[in-house]
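A.B. asks: Here is my input; please provide its structure:
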Amino acid sequence: MSDTDTQYDDPFQRYSYRSSLIEELRNTGGRMQRGRVTVRTARTFGFCWGVDRAVAMVRDALRDYPDRRIWLLDQIIHNPQVNADFKDMGVRFVRGPFADASASEGDGSSQLSADDVVVIPAFSATVEDTEQLEGIGCTILDTTCPWVVRPHLRTIKYVEDGFTTVIHGLVQHEETRASCSLIASRGGQYLVVADQGEAERLCRVIRGELDAGDYLDSLAAGACSADFDPTEHLTRIGTINQTTMLASETREIEALIREAVAARDPAVEIAESFRELNTICRATQENQDSVVALAESGELDLLVVVGGFDSSNTRNLTRVGGGCFPSFHVLGPDAIEAGVIRHRCAKTGNTVSTDNWLPEGPISVGFTAGASTPDTLLGDVVEAVLRAAGERVDAAPSVS
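C.D. replies: Numbering: from 1, shown residues only. Next comes the predicted model:
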(Lines give C-alpha, C1' and ligand atoms only; values in the text may rest on other atoms or scores of the structure.)
Protein backbone atom coordinates (compact mmCIF):
# COMPACT_ATOMS: atom_id res chain seq x y z
CA MET A 1 0.00 0.00 0.00
CA SER A 2 1.41 3.41 -0.88
CA ASP A 3 1.37 6.44 1.40
CA THR A 4 -1.34 8.00 -0.76
CA ASP A 5 -3.61 5.02 -0.11
CA THR A 6 -3.24 5.09 3.67
CA GLN A 7 -6.46 4.34 5.56
CA TYR A 8 -5.02 3.57 9.03
CA ASP A 9 -7.55 0.80 9.67
CA ASP A 10 -5.51 -2.42 9.48
CA PRO A 11 -3.43 -3.11 12.65
CA PHE A 12 -1.33 -5.72 10.82
CA GLN A 13 -0.43 -3.65 7.75
CA ARG A 14 2.82 -1.69 7.85
CA TYR A 15 2.22 1.71 6.25
CA SER A 16 5.81 2.93 6.59
CA TYR A 17 9.40 1.77 7.04
CA ARG A 18 8.79 -1.69 5.63
CA SER A 19 11.70 -4.16 5.63
CA SER A 20 11.75 -7.23 3.40
CA LEU A 21 14.00 -9.05 5.89
CA ILE A 22 11.58 -8.47 8.76
CA GLU A 23 8.62 -9.42 6.60
CA GLU A 24 10.42 -12.67 5.78
CA LEU A 25 10.89 -13.34 9.49
CA ARG A 26 7.22 -12.67 10.17
CA ASN A 27 6.24 -15.02 7.35
CA THR A 28 8.50 -17.82 8.65
CA GLY A 29 7.23 -17.74 12.22
CA GLY A 30 10.07 -15.63 13.57
CA ARG A 31 12.87 -18.06 12.79
CA MET A 32 15.72 -17.89 10.29
CA GLN A 33 19.00 -19.78 9.99
CA ARG A 34 22.12 -18.04 8.72
CA GLY A 35 25.21 -20.22 9.13
CA ARG A 36 25.94 -20.64 12.82
CA VAL A 37 23.32 -18.09 13.82
CA THR A 38 19.68 -18.93 14.48
CA VAL A 39 17.68 -15.70 14.33
CA ARG A 40 14.56 -15.67 16.49
CA THR A 41 12.04 -12.90 16.87
CA ALA A 42 9.27 -12.40 19.37
CA ARG A 43 5.79 -13.15 18.03
CA THR A 44 4.91 -9.45 18.00
CA PHE A 45 7.32 -6.52 17.95
CA GLY A 46 8.01 -3.12 16.45
CA PHE A 47 5.66 -0.40 15.29
CA CYS A 48 2.28 -0.70 16.94
CA TRP A 49 -0.84 0.39 15.09
CA GLY A 50 -0.99 3.75 16.86
CA VAL A 51 2.63 4.63 16.05
CA ASP A 52 2.34 3.51 12.43
CA ARG A 53 -0.83 5.58 12.13
CA ALA A 54 0.85 8.68 13.60
CA VAL A 55 3.86 8.41 11.29
CA ALA A 56 1.63 7.95 8.25
CA MET A 57 -0.49 10.95 9.26
CA VAL A 58 2.59 13.21 9.33
CA ARG A 59 3.63 11.95 5.91
CA ASP A 60 0.15 12.67 4.61
CA ALA A 61 0.28 16.18 6.09
CA LEU A 62 3.47 16.87 4.13
CA ARG A 63 1.59 15.82 1.01
CA ASP A 64 -1.67 17.60 1.81
CA TYR A 65 -0.15 20.94 2.92
CA PRO A 66 2.79 21.46 0.51
CA ASP A 67 2.76 25.25 0.86
CA ARG A 68 2.43 25.45 4.66
CA ARG A 69 4.92 24.94 7.46
CA ILE A 70 4.45 21.64 9.29
CA TRP A 71 5.44 21.58 12.95
CA LEU A 72 5.64 18.75 15.45
CA LEU A 73 4.88 19.82 19.01
CA ASP A 74 7.68 17.46 20.13
CA GLN A 75 9.02 14.09 19.00
CA ILE A 76 6.30 12.22 17.10
CA ILE A 77 7.49 9.00 18.81
CA HIS A 78 10.57 8.08 20.83
CA ASN A 79 12.75 7.02 17.94
CA PRO A 80 15.59 9.29 16.78
CA GLN A 81 15.67 7.92 13.22
CA VAL A 82 12.00 8.65 12.54
CA ASN A 83 12.22 12.16 14.01
CA ALA A 84 15.42 12.88 12.09
CA ASP A 85 13.76 11.67 8.89
CA PHE A 86 10.89 14.09 9.40
CA LYS A 87 13.29 16.94 10.07
CA ASP A 88 15.07 16.12 6.82
CA MET A 89 11.68 16.28 5.07
CA GLY A 90 11.24 19.86 6.33
CA VAL A 91 9.14 19.25 9.44
CA ARG A 92 9.95 21.69 12.24
CA PHE A 93 9.87 20.90 15.95
CA VAL A 94 8.39 23.28 18.51
CA ARG A 95 10.45 21.74 21.32
CA GLY A 96 12.49 18.71 22.27
CA PRO A 97 15.84 17.38 21.05
CA PHE A 98 15.00 18.11 17.40
CA ALA A 99 13.89 21.71 17.92
CA ASP A 100 15.69 24.49 16.07
CA ALA A 101 18.74 25.51 18.11
CA SER A 102 17.81 29.16 17.57
CA ALA A 103 14.47 28.74 19.31
CA SER A 104 14.20 30.73 22.53
CA GLU A 105 15.04 28.42 25.45
CA GLY A 106 14.43 25.43 23.18
CA ASP A 107 10.78 26.41 22.63
CA GLY A 108 9.76 27.53 19.15
CA SER A 109 6.11 28.27 20.00
CA SER A 110 6.73 32.02 19.55
CA GLN A 111 7.41 31.31 15.86
CA LEU A 112 4.00 29.73 15.24
CA SER A 113 1.33 31.48 13.20
CA ALA A 114 -2.24 30.80 12.13
CA ASP A 115 -0.95 29.62 8.74
CA ASP A 116 0.99 26.72 10.30
CA VAL A 117 0.00 23.09 10.73
CA VAL A 118 0.97 21.70 14.15
CA VAL A 119 1.01 17.97 14.83
CA ILE A 120 0.18 16.68 18.31
CA PRO A 121 2.34 13.56 18.83
CA ALA A 122 1.07 10.06 19.53
CA PHE A 123 1.68 10.68 23.27
CA SER A 124 -0.98 13.46 23.31
CA ALA A 125 -0.42 17.00 24.59
CA THR A 126 -1.05 19.06 27.68
CA VAL A 127 -4.20 21.12 27.97
CA GLU A 128 -2.03 24.24 28.07
CA ASP A 129 -0.35 23.37 24.76
CA THR A 130 -3.66 22.65 23.05
CA GLU A 131 -5.19 25.90 24.29
CA GLN A 132 -2.15 27.85 23.10
CA LEU A 133 -2.37 26.33 19.61
CA GLU A 134 -6.09 27.05 19.44
CA GLY A 135 -5.43 30.64 20.52
CA ILE A 136 -2.87 31.12 17.74
CA GLY A 137 -5.31 29.64 15.24
CA CYS A 138 -3.02 26.91 13.91
CA THR A 139 -4.40 23.94 12.02
CA ILE A 140 -4.06 21.13 14.58
CA LEU A 141 -3.43 17.56 13.46
CA ASP A 142 -3.97 15.25 16.43
CA THR A 143 -2.19 11.89 16.15
CA THR A 144 -2.85 10.90 19.77
CA CYS A 145 -2.98 7.12 20.03
CA PRO A 146 -6.50 5.88 20.86
CA TRP A 147 -4.99 3.77 23.65
CA VAL A 148 -3.71 6.98 25.28
CA VAL A 149 -7.22 8.44 25.20
CA ARG A 150 -8.49 5.56 27.38
CA PRO A 151 -6.71 6.60 30.62
CA HIS A 152 -7.65 10.21 29.92
CA LEU A 153 -11.33 9.29 29.93
CA ARG A 154 -10.91 7.34 33.16
CA THR A 155 -9.18 10.24 34.93
CA ILE A 156 -12.08 12.51 34.08
CA LYS A 157 -14.42 10.03 35.74
CA TYR A 158 -12.15 9.85 38.79
CA VAL A 159 -12.18 13.64 39.13
CA GLU A 160 -15.98 13.77 38.79
CA ASP A 161 -16.34 11.15 41.55
CA GLY A 162 -13.84 12.79 43.91
CA PHE A 163 -10.99 10.30 43.52
CA THR A 164 -7.30 11.21 43.39
CA THR A 165 -5.59 9.62 40.37
CA VAL A 166 -2.42 7.65 41.09
CA ILE A 167 -0.50 7.16 37.85
CA HIS A 168 2.08 4.43 37.36
CA GLY A 169 4.29 6.35 34.97
CA LEU A 170 7.33 8.53 34.45
CA VAL A 171 6.96 12.14 35.55
CA GLN A 172 8.75 13.60 32.52
CA HIS A 173 7.12 11.35 29.91
CA GLU A 174 4.90 13.28 27.50
CA GLU A 175 1.93 10.95 28.00
CA THR A 176 2.05 11.24 31.79
CA ARG A 177 2.43 15.02 31.60
CA ALA A 178 -0.66 15.16 29.39
CA SER A 179 -2.65 13.08 31.90
CA CYS A 180 -1.55 15.27 34.80
CA SER A 181 -2.44 18.42 32.88
CA LEU A 182 -5.91 17.08 32.10
CA ILE A 183 -6.56 16.16 35.74
CA ALA A 184 -5.39 19.57 36.98
CA SER A 185 -7.53 21.37 34.38
CA ARG A 186 -10.60 19.58 35.77
CA GLY A 187 -9.76 20.55 39.34
CA GLY A 188 -8.58 17.09 40.33
CA GLN A 189 -5.59 15.69 42.19
CA TYR A 190 -2.87 13.35 40.93
CA LEU A 191 0.22 11.53 42.13
CA VAL A 192 2.80 9.79 39.91
CA VAL A 193 4.71 6.69 41.04
CA ALA A 194 7.48 5.41 38.77
CA ASP A 195 7.97 1.93 40.17
CA GLN A 196 7.12 -0.54 42.89
CA GLY A 197 9.53 1.07 45.36
CA GLU A 198 7.75 4.42 45.08
CA ALA A 199 4.40 2.67 45.40
CA GLU A 200 5.54 0.99 48.61
CA ARG A 201 6.43 4.40 50.10
CA LEU A 202 2.98 5.65 49.12
CA CYS A 203 1.39 2.67 50.84
CA ARG A 204 3.26 3.47 54.04
CA VAL A 205 1.64 6.91 53.98
CA ILE A 206 -1.79 5.40 53.34
CA ARG A 207 -1.36 3.07 56.34
CA GLY A 208 -0.10 5.91 58.52
CA GLU A 209 3.42 4.50 58.86
CA LEU A 210 5.17 7.43 57.14
CA ASP A 211 4.70 11.11 57.93
CA ALA A 212 2.68 12.76 55.16
CA GLY A 213 4.81 15.92 55.22
CA ASP A 214 8.05 14.00 54.94
CA TYR A 215 6.61 12.01 52.07
CA LEU A 216 5.51 15.14 50.25
CA ASP A 217 8.97 16.70 50.65
CA SER A 218 10.58 13.61 49.10
CA LEU A 219 8.58 13.69 45.87
CA ALA A 220 10.25 14.68 42.61
CA ALA A 221 9.21 17.90 40.92
CA GLY A 222 5.97 17.41 39.02
CA ALA A 223 5.11 14.12 40.73
CA CYS A 224 1.94 15.50 42.32
CA SER A 225 -0.65 18.20 41.75
CA ALA A 226 0.21 21.70 42.93
CA ASP A 227 -1.89 21.67 46.11
CA PHE A 228 -1.60 17.95 46.85
CA ASP A 229 -2.13 17.10 50.52
CA PRO A 230 -1.45 13.39 51.33
CA THR A 231 -3.65 13.56 54.41
CA GLU A 232 -6.65 14.88 52.48
CA HIS A 233 -6.20 13.57 48.98
CA LEU A 234 -5.39 9.91 49.60
CA THR A 235 -8.82 9.19 51.07
CA ARG A 236 -10.17 7.93 47.75
CA ILE A 237 -7.74 6.63 45.12
CA GLY A 238 -8.13 5.55 41.50
CA THR A 239 -5.21 4.11 39.54
CA ILE A 240 -4.23 4.24 35.88
CA ASN A 241 -0.89 3.75 34.20
CA GLN A 242 1.15 5.27 31.44
CA THR A 243 0.32 2.94 28.57
CA THR A 244 3.93 1.84 27.98
CA MET A 245 4.90 0.73 31.47
CA LEU A 246 5.81 -2.83 32.50
CA ALA A 247 2.45 -4.59 32.85
CA SER A 248 3.51 -6.95 35.61
CA GLU A 249 4.77 -4.04 37.70
CA THR A 250 1.51 -2.16 37.18
CA ARG A 251 -0.40 -5.16 38.53
CA GLU A 252 1.89 -5.30 41.58
CA ILE A 253 1.40 -1.61 42.25
CA GLU A 254 -2.38 -1.89 41.98
CA ALA A 255 -2.37 -4.81 44.43
CA LEU A 256 -0.16 -2.94 46.90
CA ILE A 257 -2.37 0.15 46.94
CA ARG A 258 -5.57 -1.90 47.14
CA GLU A 259 -4.22 -3.80 50.17
CA ALA A 260 -3.05 -0.60 51.87
CA VAL A 261 -6.44 1.07 51.41
CA ALA A 262 -8.25 -2.05 52.65
CA ALA A 263 -6.01 -2.17 55.75
CA ARG A 264 -6.72 1.48 56.48
CA ASP A 265 -10.49 1.24 55.90
CA PRO A 266 -11.44 -2.30 56.99
CA ALA A 267 -15.08 -1.39 57.59
CA VAL A 268 -15.56 0.28 54.21
CA GLU A 269 -16.37 -1.46 50.93
CA ILE A 270 -13.16 -1.29 48.89
CA ALA A 271 -14.99 0.18 45.87
CA GLU A 272 -15.87 3.21 47.98
CA SER A 273 -12.22 4.19 48.42
CA PHE A 274 -10.27 2.40 45.67
CA ARG A 275 -10.73 1.90 41.94
CA GLU A 276 -8.32 0.64 39.30
CA LEU A 277 -7.98 0.46 35.55
CA ASN A 278 -5.02 -1.20 33.88
CA THR A 279 -4.43 1.02 30.87
CA ILE A 280 -1.37 -0.71 29.39
CA CYS A 281 -1.90 -0.55 25.64
CA ARG A 282 -2.67 -3.83 23.94
CA ALA A 283 0.37 -3.67 21.66
CA THR A 284 2.68 -3.00 24.62
CA GLN A 285 1.16 -5.92 26.51
CA GLU A 286 1.45 -8.24 23.52
CA ASN A 287 5.07 -7.24 22.91
CA GLN A 288 5.93 -7.89 26.56
CA ASP A 289 4.11 -11.23 26.59
CA SER A 290 5.88 -12.24 23.38
CA VAL A 291 9.29 -11.53 24.89
CA VAL A 292 8.37 -13.55 27.97
CA ALA A 293 7.40 -16.49 25.75
CA LEU A 294 10.62 -16.16 23.76
CA ALA A 295 12.69 -15.96 26.94
CA GLU A 296 10.96 -19.00 28.44
CA SER A 297 11.48 -21.08 25.29
CA GLY A 298 14.94 -22.01 26.54
CA GLU A 299 16.36 -21.57 23.05
CA LEU A 300 18.11 -18.21 23.32
CA ASP A 301 21.73 -17.42 24.08
CA LEU A 302 21.14 -13.67 24.11
CA LEU A 303 18.51 -11.05 23.31
CA VAL A 304 18.89 -7.82 21.33
CA VAL A 305 16.25 -5.14 21.91
CA VAL A 306 16.13 -2.29 19.38
CA GLY A 307 14.72 1.16 20.02
CA GLY A 308 15.22 4.66 21.37
CA PHE A 309 16.85 4.96 24.77
CA ASP A 310 14.08 7.34 25.91
CA SER A 311 11.35 4.91 24.83
CA SER A 312 9.58 3.58 27.93
CA ASN A 313 8.09 0.51 26.28
CA THR A 314 11.45 -0.44 24.71
CA ARG A 315 13.29 -0.18 28.02
CA ASN A 316 10.67 -2.40 29.61
CA LEU A 317 11.20 -5.07 26.95
CA THR A 318 14.81 -5.25 28.08
CA ARG A 319 13.65 -5.67 31.67
CA VAL A 320 11.38 -8.54 30.66
CA GLY A 321 14.23 -10.43 29.00
CA GLY A 322 16.90 -9.54 31.53
CA GLY A 323 18.01 -12.17 34.02
CA CYS A 324 17.44 -15.14 31.73
CA PHE A 325 20.42 -14.42 29.46
CA PRO A 326 22.40 -11.36 28.32
CA SER A 327 20.01 -8.68 27.01
CA PHE A 328 21.26 -5.66 25.06
CA HIS A 329 19.18 -2.55 24.31
CA VAL A 330 20.72 -0.85 21.25
CA LEU A 331 19.81 2.21 19.23
CA GLY A 332 20.74 0.76 15.87
CA PRO A 333 23.30 -1.13 13.76
CA ASP A 334 26.14 1.32 14.48
CA ALA A 335 26.23 -0.04 18.04
CA ILE A 336 27.24 -3.52 16.90
CA GLU A 337 30.68 -4.87 16.07
CA ALA A 338 32.18 -8.34 16.23
CA GLY A 339 34.09 -7.65 19.45
CA VAL A 340 31.93 -5.06 21.19
CA ILE A 341 28.32 -3.94 21.55
CA ARG A 342 27.28 -0.48 22.81
CA HIS A 343 23.99 -0.56 24.67
CA ARG A 344 21.89 1.01 27.41
CA CYS A 345 22.39 -0.47 30.86
CA ALA A 346 18.93 -1.36 32.20
CA LYS A 347 19.96 -0.67 35.81
CA THR A 348 21.77 2.66 35.46
CA GLY A 349 20.38 4.03 32.20
CA ASN A 350 23.92 4.79 31.03
CA THR A 351 25.34 3.80 27.67
CA VAL A 352 27.97 1.11 28.17
CA SER A 353 30.13 -1.18 26.04
CA THR A 354 30.35 -4.93 26.47
CA ASP A 355 33.28 -6.82 24.97
CA ASN A 356 33.19 -10.40 23.69
CA TRP A 357 29.42 -10.36 23.65
CA LEU A 358 28.99 -12.92 20.87
CA PRO A 359 29.64 -16.53 21.97
CA GLU A 360 31.63 -18.88 19.75
CA GLY A 361 29.99 -21.71 17.85
CA PRO A 362 26.29 -22.10 17.07
CA ILE A 363 24.21 -19.41 18.74
CA SER A 364 20.54 -18.49 18.94
CA VAL A 365 19.93 -14.74 19.03
CA GLY A 366 16.54 -13.30 19.90
CA PHE A 367 15.38 -9.96 18.57
CA THR A 368 12.56 -7.65 19.50
CA ALA A 369 11.82 -3.96 19.05
CA GLY A 370 9.85 -1.29 20.84
CA ALA A 371 6.54 0.00 19.55
CA SER A 372 8.33 3.10 18.21
CA THR A 373 11.02 1.15 16.31
CA PRO A 374 10.72 0.98 12.50
CA ASP A 375 11.03 -2.40 10.80
CA THR A 376 13.86 -1.02 8.65
CA LEU A 377 15.92 -0.27 11.75
CA LEU A 378 15.31 -3.70 13.26
CA GLY A 379 16.23 -5.30 9.96
CA ASP A 380 19.50 -3.34 9.86
CA VAL A 381 20.33 -4.55 13.38
CA VAL A 382 19.65 -8.18 12.47
CA GLU A 383 22.00 -7.80 9.51
CA ALA A 384 24.65 -6.14 11.71
CA VAL A 385 24.55 -9.02 14.20
CA LEU A 386 24.88 -11.57 11.41
CA ARG A 387 27.88 -9.73 9.98
CA ALA A 388 29.44 -9.50 13.43
CA ALA A 389 29.05 -13.28 13.70
CA GLY A 390 30.79 -13.72 10.37
CA GLU A 391 27.70 -14.73 8.42
CA ARG A 392 26.33 -13.43 5.13
CA VAL A 393 22.95 -11.80 4.84
CA ASP A 394 20.85 -13.09 1.98
CA ALA A 395 17.91 -10.74 2.01
CA ALA A 396 16.57 -8.02 -0.28
CA PRO A 397 17.34 -4.47 0.81
CA SER A 398 14.92 -2.65 3.11
CA VAL A 399 12.47 -0.18 1.60
CA SER A 400 10.61 2.71 3.18
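A.B. asks: Sheet-wise, list the partners of the longest strand seen in the chain with their directions.
C.D. replies: Determined from DSSP state E, the single longest strand within the chain is strand 363-369. Applying DSSP bridges, strand 363-369 is found paired with strand 37-41 (parallel), strand 302-306 (parallel).
A.B. asks: who's in contact with the helix or strand following the last one?
C.D. replies: For strand 302-306, the following helix or strand on the C-terminal side (DSSP states H and E) is helix 312-321. Taking contacts as Cβ atoms under 8 Å, 6 or more residues apart in numbering, the residues outside helix 312-321 that touch it are 78, 170, 173, 242, 244-246, 284, 287-288, 291-292, 294-295, 303, 305-309, 327-329, 344, 346, 366, 368-373. Heads up, the C-betas are built off the backbone N, CA and C, glycines and all.
A.B. asks: Show me which of the residues you listed are buried.
C.D. replies: With burial judged by 16 or more other Cβ atoms under 10 Å, the buried subset of the contacts of helix 312-321 is 78, 170, 173, 242, 244-246, 284, 287-288, 291-292, 294-295, 303, 305-309, 327-329, 344, 346, 366, 368-373.
A.B. asks: give me the number of residues near I363?
C.D. replies: 16 (other Cβ atoms under 10 Å).
A.B. asks: Return the distance of A267 relative to A125.
C.D. replies: 43 Å (Cβ to Cβ, to the nearest Å).
A.B. asks: who has more neighbours, the two?
C.D. replies: A125 (25 against 4).
A.B. asks: okay but that one is in contact with L73, surely?
C.D. replies: Yes: using Cβ atoms under 8 Å, A125 makes contact with L73 at a distance of 5.7 Å.
A.B. asks: picking that back up, quick one: closest of the strands paired with strand 363-369 to E360.
C.D. replies: strand 37-41 (11.9 Å; Cβ to Cβ).
A.B. asks: sorry, back to before: tilt between the longest strand of the chain and helix 312-321?
C.D. replies: On the basis of axes from the mean of the first three to the mean of the last three Cα atoms, to 10 degrees, strand 363-369 is oriented at 150 degrees to helix 312-321.
A.B. asks: Tell me which other helices or strands the helix or strand following strand 363-369 touches.
C.D. replies: Where DSSP H and E defines the elements, the next helix or strand beyond strand 363-369 is helix 375-388. For helix 375-388, the elements it packs on are helix 20-27, strand 37-41, strand 302-306, strand 363-369, judged by 3 or more Cβ pairs under 8 Å, 6 or more residues apart in numbering; DSSP states H and E.
A.B. asks: Go through helix 375-388 and flag the buried ones.
C.D. replies: 375-386, 388.
A.B. asks: Between the two ends of stretch 259-275, what distance do you get?
C.D. replies: 12 Å (Cα to Cα, to the nearest Å).
A.B. asks: Give the rounded mean pLDDT of that stretch.
C.D. replies: Mean per-residue pLDDT for stretch 259-275: 95.
A.B. asks: For it, give me every contacting residue.
C.D. replies: Here stretch 259-275 has contacts from 158, 163, 202-203, 206-208, 235-239, 257-258, using Cβ under 8 Å, 6+ apart.
A.B. asks: one more time with 7 Å, if that's ok
C.D. replies: Stretch 259-275 is contacted from outside by 163, 203, 206-207, 235-238, 257-258, using Cβ atoms under 7 Å, 6 or more residues apart in numbering.
A.B. asks: try stretch 182-195
C.D. replies: 127, 152, 155-156, 158-159, 164-171, 176, 180, 199, 202, 223-225, 228, 233, 249, 253.
A.B. asks: can you tell me which of these are in strands?
C.D. replies: Those of the contacts of stretch 182-195 lying in strands (DSSP E): 164-168.
A.B. asks: beta partners of L302?
C.D. replies: The partner residues for L302, given DSSP bridges, come to V365.
A.B. asks: Could you check how far it is from M89?
C.D. replies: Taking Cβ to Cβ, one finds L302 at 36 Å from M89.
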